[in-house]
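> One predicted model, sequence on top.
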Amino acid sequence: MASDYLLEMEGVSKRFSGVKALNNVEFRVKSGEVHALIGENGAGKSTLIKILSGIHKMDTGTICFNGSKVIIQSPRHAQQLGIATVHQELNLFPALSVSENIFIGRLPRKKSGIVDWHLLKKETEKLFNKLGIEIDPTTTVESLGVAEKQLVEIARALSQGAKLVIMDEPTSSLSQGEAERLFKIITALKANGITFIYVTHKLEELFQIADRITVFRDGCYIKTKEIADCSYQELVELMVGRELTSLFPKVQVELGEPVFKVNNLSRNKEIENVSFSIRRGEILGISGLVGAGRTELARCLFGVTLPTNGEIYMNEKQLTIKKPLDAIKQGICLVPEDRKNQGLVLKMSVQKNISLSILSMFRKTFGFIDGHKESATVQDAVAQLKIKTPSVEQLVGNLSGGNQQKVVFAKEFLADPQLLILDEPTRGVDVGAKAEIHRLIGNFVKKGGSVLMISSELPEIMGMSDRILVMSKGKIVKEFQRSEATQEKILEYAL
C-alpha cells in the first residue's frame, strides 16, 4: 500500500436481502486530507460508512488502515483502530454534561473510585483549548445548539485518539455562519494531521472544504478526482449519470387572486406580528437563519401550535385552526422539516404511510377500508411521483432519503390541498431527487395550487420563488420580488 494512504479499500461488496448495496467498490483516502464521498441517495455511501464504523461487515473485499490489513468487527473495534464517525443523528446523552459525554466510559477516578470531577473538567478544557472550542464543560448537552453538539462529538472522537473522522451530513441543520465555523475547525485539525471523510448533498460546500472527491452511483465506484479539477455541473453529472439541465425548473404560471392571508400572527416571542398573502399559483419563499421563526410559523399555520394573536384567511374566510386536522380540512397541508420524526411512520409500509391521512377516502359501509381502492390510489401516486420502491408493502424506513421525502409529498398531494407548506423540502436528499421534488412543486402550482416554501438553501429559495420574505427574530424584515433578490441582499436582512 502506498505510504501516503491512511485508508485503502478494494473490491468491497455488501448485500442486503439479495440487493447489492455495494458492488466491488474501491475507496482510498490520503493522510491529512478532507476526502468527500458523494452520490445520490441509495448510491452506497451510508453502507460504506457503516462498514468503516463497524456497524456492518462487508461480504467481500479488503481494508487496509494505517498500514495494516484489518477486518473491522464492531464500533468499539473501529474506535480502537482510530476511526470515529459523527453521524447526522448525533449520538450524545442529552441529560449529561459536555465533559461526561466526551469521556463517557473513560471518566477519571480517584483512588477511592469516585469520579474526579475537577480533573474531568480540566481535561475537557485542555482539549477545547487545543480545538478552539468555547463551551462550558459543565453545561448539559441538551442545552446546546446543533452546531455545538457536533463540536462535542468531534472533541470526543479526538479524545479517543481518532486518526480518521467520518462526518455524515454535518451541516444539514446548521446556519451558514455555523457551517463556516465548522469548516475552520476541520481545516485546523487537518493541518494537525487529522484525516476526514466528508459526506454531504450540498455540493457547493465541497469547493470550500474538500481536497478530493469520490463519486458512487447505484452501489458502484465511479471516479475519484481532485476538487480543483471539478466543476459543479461535472459533479452532478457523475452522480446522476446524465446531464441535469436545470436544478430549479421554474414553471411560469399566471398568478391569480390572493387565496391565503395572514394578519398580525404572533406566538409568544417566536413569531411577532407576521402578515402576508399568497396568490393562486404562487410560490412564496421564506428565508432566514436557523432560529428566525420560520418553522415556528409553519407549525402555527398548520395547527401544531396555537397563535396567541392574529388571523388566518383562506379564500377570504377566516379560519379557526386548533389542530392539524382542522388545517387539512381547510385545504392546508404541511411537509415538515423532519420527515423521519414528523412526516412518516418508519415501521409502516409505503402504502400505509401514503394513505394514513386520507383513510376516509377508502371507507366503505360499516367503516371498513376498501383495500383495492386504497392500493390502486397509492400505486398511481407512486408511479406519478417516481418513488423507487420494490413494492408499496416495503417499509418506508428502508427507502432512501429522497424516496422517503417523495412519500411525504404523495401523502400531502392526495389530500388535495389548496396551500402546501414546505419546510426544508429537499433537506438531506441528493441532487437528482432534489430536481425531481422541484418538478413536483412546479406541477402543483401549474394546476392552481399555492406554496409557502421555507428553505435554508438560498439558491433553492431564489430559484423557485415568485416572491421572497426574509425573517429575523420572529419578524418579517424584508420582501423581495424574484427579480430583485440576491444572496447578498437576503443575508444582509437575515443577519
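Nice, thanks for sending it over.
> okay but E153 is in contact with Q88, surely?
No. In this structure E153 lies outside contact range of Q88 using Cβ atoms under 8 Å: 10.9 Å. All C-beta spots, glycine's among them, are computed from the backbone N, C-alpha and C.
> And these two? Which one has more around it.
Ranked by neighbour count (other Cβ atoms under 10 Å), E153 and Q88 place E153 first, with 23 against 14.
> How much space separates the residue nearest to the spatial centre of the chain from L284?
Among the residues of the chain, the one closest to the centroid is G428, at 3.1 Å (Cα atoms, centre = their mean). To L284, G428 is 23 Å away according to Cβ to Cβ, to the nearest Å.
> Distance of S68 relative to H56?
S68 sits 20 Å away from H56, going by Cβ to Cβ.
> So these two - more neighbours on which side?
H56 (18 against 9).
> Not counting sequence-adjacent ones, nearest residue to the more buried one?
Leaving aside its sequence neighbours, H56 sits nearest to K50 (Cβ to Cβ, 6 or more residues apart in numbering; 4.4 Å).
> Surely that neighbour is in contact with K57?
No. At 9.5 Å, K50 does not count as touching K57 under the criterion of Cβ under 8 Å.
> quick one: which of the two has more around it?
Relative neighbour count places K50 above the other of K50 and K57, with 21 against 12, counting by other Cβ under 10 Å.
> For G285, list each beta-bridge partner.
G285 forms beta bridges with M453, I468, as assigned by DSSP bridges.
> List the contacts of the strand or helix carrying N443.
N443 belongs to helix 431-446 when assigned by DSSP states H and E. Helix 431-446 is contacted from outside by 40-41, 201, 203, 236, 239-240, 244, 246-251, 253, 281-283, 385-386, 400-403, 405-406, 409, 413, 420, 422, 425-426, 429, 451, 453, 460, 463-464, using Cβ atoms under 8 Å, 6 or more residues apart in numbering.
> Which ones among the residues you listed lie within helices?
The helices, defined by DSSP state H, take in 203, 236, 239-240, 401-403, 405-406, 409, 413, 460, 463-464 from these.
> Which residue ranges of the stretch 51-200 of the chain form strands?
60-65, 68-70, 83-86, 164-168, 195-199 (DSSP state E, counting those that start in this stretch).
> Give me the pLDDT for the closest residue to the residue nearest to the centre of the chain other than its chain neighbours.
Closest residue to G428 apart from its sequence neighbours, by Cβ to Cβ, 6+ apart: G401 at 4.9 Å. In this model, G401 is scored at 79, pLDDT.
> my read: G401 touches E40, true?
No. At 9.7 Å, G401 does not count as touching E40 under the criterion of Cβ under 8 Å.
> what residues are shared contacts of these two?
Shared contacts of G401 and E40, defined by Cβ under 8 Å, 6+ apart, are found at 430, 433.
> before we move on, the earlier item: what's the distance between the residue nearest to H56 and P75?
10 Å.
> can you check N192 too?
N192 is 25 Å from P75, by Cβ to Cβ.
> can you list contacts of stretch 251-263?
Contacts for stretch 251-263 (Cβ under 8 Å, 6+ apart): 274-282, 301, 310-316, 332, 418-419, 442-443, 445-446, 448, 450, 452, 466.
> Tell me the buried residues in the helix holding N443?
Neighbour-count burial for helix 431-446 flags 431-442, 444-445 (criterion: 16 or more other Cβ atoms under 10 Å).
> For that helix, C-alpha coordinates in PDB please.
Presented in PDB, the C-alpha positions along helix 431-446 are these (Å, rounded to 0.1, in the frame of the first residue of the first chain):
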ATOM      1  CA  VAL A 431     -29.200  16.400  -6.300                       C
ATOM      2  CA  GLY A 432     -31.300  14.100  -8.600                       C
ATOM      3  CA  ALA A 433     -34.100  13.700  -6.000                       C
ATOM      4  CA  LYS A 434     -33.900  17.500  -5.400                       C
ATOM      5  CA  ALA A 435     -34.600  18.200  -9.100                       C
ATOM      6  CA  GLU A 436     -37.500  15.800  -9.100                       C
ATOM      7  CA  ILE A 437     -39.100  17.400  -6.000                       C
ATOM      8  CA  HIS A 438     -38.700  20.800  -7.600                       C
ATOM      9  CA  ARG A 439     -40.500  19.400 -10.600                       C
ATOM     10  CA  LEU A 440     -43.400  18.200  -8.400                       C
ATOM     11  CA  ILE A 441     -43.700  21.600  -6.800                       C
ATOM     12  CA  GLY A 442     -43.800  23.200 -10.200                       C
ATOM     13  CA  ASN A 443     -46.600  20.800 -11.400                       C
ATOM     14  CA  PHE A 444     -48.600  21.600  -8.200                       C
ATOM     15  CA  VAL A 445     -48.600  25.400  -8.800                       C
ATOM     16  CA  LYS A 446     -49.300  24.900 -12.500                       C
END
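> How many neighbouring residues does K323 have?
So K323, with other Cβ under 10 Å, has 11 neighbours.
> G281 versus the closest residue to it other than its chain neighbours, what's the distance?
Among residues not flanking K323 along the chain, G303 sits closest, at 4.7 Å (Cβ to Cβ, 6+ apart). From G303 across to G281, the span is 24 Å (Cβ to Cβ).
> again with I421
16 Å.
> Who has more neighbours out of those two?
In terms of neighbours (other Cβ under 10 Å), I421 is the more surrounded of I421 and G281; the figures are 25 against 22.
> Tell me who's in contact with that one.
Counting by Cβ under 8 Å, 6+ apart, I421 has contacts 298, 301-302, 332-335, 451-452, 454.
> please redo it, this time with the cut-off set to 10 Å
I421 makes contacts with 260, 286, 297-299, 301-302, 327, 332-336, 412, 450-454, as judged by Cβ atoms under 10 Å, 6 or more residues apart in numbering.
> now M453
283-287, 298, 335, 420-426, 441, 460-461, 464-465, 468.
> Just put the strands of the stretch 51-200 of the chain in a markdown table and tack on mean pLDDT.
Converted to a markdown table, the strands of the stretch 51-200 of the chain look like this (pLDDT from 0 to 100):
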| stretch | mean pLDDT |
| --- | --- |
| strand 60-65 | 96 |
| strand 68-70 | 94 |
| strand 83-86 | 90 |
| strand 164-168 | 92 |
| strand 195-199 | 95 |
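> any chance of those strands in TSV, plus distance to V477?
What follows is the strands of the stretch 51-200 of the chain, written out as TSV (distance: least, Cβ to Cβ, whole Å):
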stretch	distance to V477
strand 60-65	50
strand 68-70	54
strand 83-86	34
strand 164-168	33
strand 195-199	34
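> closest to Q394 out of those strands?
Across those, the minimum distance to Q394, taken as Cβ to Cβ, is reached by strand 164-168, at 23.4 Å.
> helices or strands next to that closest one in the packing?
Contact here means 3 or more Cβ pairs under 10 Å, 6 or more residues apart in numbering; DSSP states H and E; on that basis strand 164-168 packs against strand 34-38, helix 45-53, helix 75-81, strand 83-86, helix 146-159, helix 176-191, strand 195-199.
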